[in-house]
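Asker: Just a sequence and a predicted model for now, questions to come.
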Amino acid sequence: MQSDLAQKNAPLIIAALMLLLALVSPFIGLYPVFMMKALCFALLAAAFNLLFGYGGLLSFGHASFFGTAAYVTGYTMKYWGINPEVGIVLGTLAATVLGVVFGWLSIRRQGIYFAMVTLALAQMLYFFYLQAGGFTGGEDGIQAIPRGHLFGVINLNQPLAMYYTVLAICIGGFALIYRVVHSPFGQVLKAIRENEPRAISLGYRVERIKLLVFVLSAALAGLAGATKTLVFQLATLNDVNWSVSGDVILMTLVGGVGTLFGPIIGAFVLVVISTYLAGFGSWVTMIQGAIFIVCVMSFRRGLCGWVADRFEIARLPLVGSDPLVANVVKAGFRRALSEPSIPLKDTSLHE
């Protein structure tokens with residue numbers, strides 16, 4: 001009985017432990033800048049996972065939203081002298097608008113064609129930013145961005161104040177993703193991922209739903225990019241490079257696609273590797289590739305999914321109680337939507 005109760009509450013226990021570790025990390029020897037970098041990339045990976053893990057849409061263009069928000073936040077704060085909260089909002093809004101444009105152009109394609117369209121759009125934007133030196137600073141980027149005072153009160157030049165601001169922003173982003181996944185909209189989104197033709201036959205406007213989750217994912221990626229700009233006081237072409245999109249895909253796959261904790265774990269793993277193995281130079285890429293191969297071959301559901309299977313924590317991967325998710329987990333991610341026992345009609349999207 002106690003064992004079943006522990007397994008049932010395992011996601012909440014794990015989430016509480018992760019939150020506790022994040023709160024005390026500056027006082028137990030974890031470098032705040034390292035933690036802030038990991039948190040920003042964890043939010044970026046979680047935003048990508050919302051689109052790919054729950055929507056089934058593989059995007060190679062999330063670096064565009066991340067970098068655009070970084071540039072807008074950095075430019076407005078440095079040259080317009082606005083407050084950091086306004087800069088973050090403007091950067092997130094810029095990423096959201098870009099998400100609408102990219103989504104409208106790419107959402108009509110599926111599979112590899114969708115992925116290639118997002119990659120092409122991202123590369124076009126990269127070369128635009130390379131030439132737009134008056135806005136982006138070209139290859140030099142925007143440097144020495146002032147952090148300022150949050151709401152005119154909190155001095156973000158203080159490391160602890162900056163760290164807890166980043167932590168609060170990331171927790172807010174994770175909470176929003178959790179709420180979306182467990183809403184009626186999230187249930188329909190998973191249904192589209194599992195069996196799109198059936199979702200269409202039930203009357204759901206699939207393209208509208210895909211566009212909405214694409215824009216939401218872009219906004220959260222922009223929030224991560226704007227926050228990262230405050231942390232490092234820098235916005236460069238590296239933020240919009242395709243390698244950022246590749247890294248975020250790798251983080252999600254290592255941690256576990258379609259899981260709530262997986263992108264966070266994967267982000268911390270990759271940031272640890274890139275930070276503490278930087279002395280190996282270009283060999284870091286080889287090490288990351290080796291880890292990726294091992295995870296794909298040995299942990300099909302990522303580290304988070306492997307832990308769930310190893311300790312029989314059935315609810316850990318998706319932290320949900322809906323019949324669709326439960327059947328998918330038990331069936332090993334089969335197309336459980338085709339089984340008549342799933343009450344898909346109960347998870348309607350009211351329009």
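Answerer: Structure's in. What do you need? Numbers count the residues shown, from 1 in each chain.
Asker: just the helices in the stretch 101-250 of the chain please.
Answerer: 111-131, 133-136, 159-181, 184-194, 196-201, 206-232, 242-255 (DSSP state H, counting those that start in this stretch).
Asker: Out of the ones you listed, which is the most enclosed?
Answerer: helix 206-232 (a mean of 25; mean count of other Cβ atoms under 10 Å). For glycine as for every other residue, the C-beta is placed from the backbone atoms N, C-alpha and C.
Asker: Report the inter-axis angle for that one versus helix 184-194.
Answerer: If you take axes from the mean of the first three to the mean of the last three Cα atoms, to 10 degrees, helix 206-232 sits at 110 degrees to helix 184-194.
Asker: looking only at pLDDT, what's the mean for helix 206-232?
Answerer: Averaged over helix 206-232, pLDDT sits at 95.
Asker: Summarise which helices and strands that helix is packed against.
Answerer: Packed against helix 206-232 by the contact rule (3 or more Cβ pairs under 8 Å, 6 or more residues apart in numbering; DSSP states H and E) you find helix 32-52, helix 62-79, helix 84-106, helix 159-181, helix 184-194, helix 196-201.
Asker: tell me which residues of the second one are tucked away?
Answerer: So that's helix 62-79. Across helix 62-79, burial judged by 16 or more other Cβ atoms under 10 Å covers 62-78.
Asker: ditto for the third one
Answerer: By neighbour count on 16+ other Cβ under 10 Å, the buried set for helix 84-106 is 84, 87-92, 94-99, 102-103, 106.
Asker: Which strands or helices does that helix pack on?
Answerer: Packing contacts for helix 84-106, counted by 3+ Cβ pairs under 8 Å, 6+ apart, involve helix 62-79, helix 111-131, strand 149-150, helix 206-232.
Asker: Outside of the second one itself, list whatever touches it.
Answerer: Counting contacts by Cβ atoms under 8 Å, 6 or more residues apart in numbering, the residues outside helix 111-131 that touch it are 57-61, 63-64, 67-68, 71, 98, 102, 105-107, 109, 135-136, 138-139, 237, 240-242, 245.
Asker: what do you get if the cut-off is 7 Å, keeping everything else the same?
Answerer: 57-61, 63-64, 71, 102, 105-106, 109, 136, 138, 237, 240-242, 245 (Cβ atoms under 7 Å, 6 or more residues apart in numbering).
Asker: Just the angle for that helix relative to helix 242-255, thanks.
Answerer: On the basis of the same axes, to 10 degrees, helix 111-131 is oriented at 140 degrees to helix 242-255.
Asker: same question for helix 111-131, mean pLDDT?
Answerer: Taken as a whole, helix 111-131 has a mean pLDDT of 93.
Asker: Now do that helix: distance to the chain's middle.
Answerer: Mean C-alpha position of helix 111-131 versus that of the full chain (Cα atoms, centre = their mean, to the nearest Å) differs by 19 Å.
Asker: between it and helix 84-106, how big is the angle?
Answerer: Using the same axes, to 10 degrees: helix 111-131 against helix 84-106 is 130 degrees.
Asker: CA-only coordinates of helix 111-131, as PDB, when you get a sec.
Answerer: C-alpha atoms of helix 111-131 as PDB (Å, rounded to 0.1, in the frame of the first residue of the first chain):
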ATOM      1  CA  GLY A 111       7.000  15.300 -41.200                       C
ATOM      2  CA  ILE A 112      10.400  16.000 -42.700                       C
ATOM      3  CA  TYR A 113       8.900  18.700 -44.900                       C
ATOM      4  CA  PHE A 114       7.800  20.700 -41.900                       C
ATOM      5  CA  ALA A 115      11.200  20.300 -40.300                       C
ATOM      6  CA  MET A 116      13.000  21.400 -43.500                       C
ATOM      7  CA  VAL A 117      10.700  24.500 -43.900                       C
ATOM      8  CA  THR A 118      11.500  25.600 -40.300                       C
ATOM      9  CA  LEU A 119      15.200  25.100 -40.800                       C
ATOM     10  CA  ALA A 120      15.100  27.100 -44.100                       C
ATOM     11  CA  LEU A 121      13.200  30.000 -42.400                       C
ATOM     12  CA  ALA A 122      15.600  29.900 -39.500                       C
ATOM     13  CA  GLN A 123      18.700  30.100 -41.700                       C
ATOM     14  CA  MET A 124      17.200  33.000 -43.700                       C
ATOM     15  CA  LEU A 125      16.700  34.900 -40.500                       C
ATOM     16  CA  TYR A 126      20.200  34.100 -39.400                       C
ATOM     17  CA  PHE A 127      21.700  35.600 -42.500                       C
ATOM     18  CA  PHE A 128      19.400  38.600 -42.200                       C
ATOM     19  CA  TYR A 129      20.700  39.300 -38.700                       C
ATOM     20  CA  LEU A 130      24.200  38.900 -40.000                       C
ATOM     21  CA  GLN A 131      23.700  41.700 -42.400                       C
END
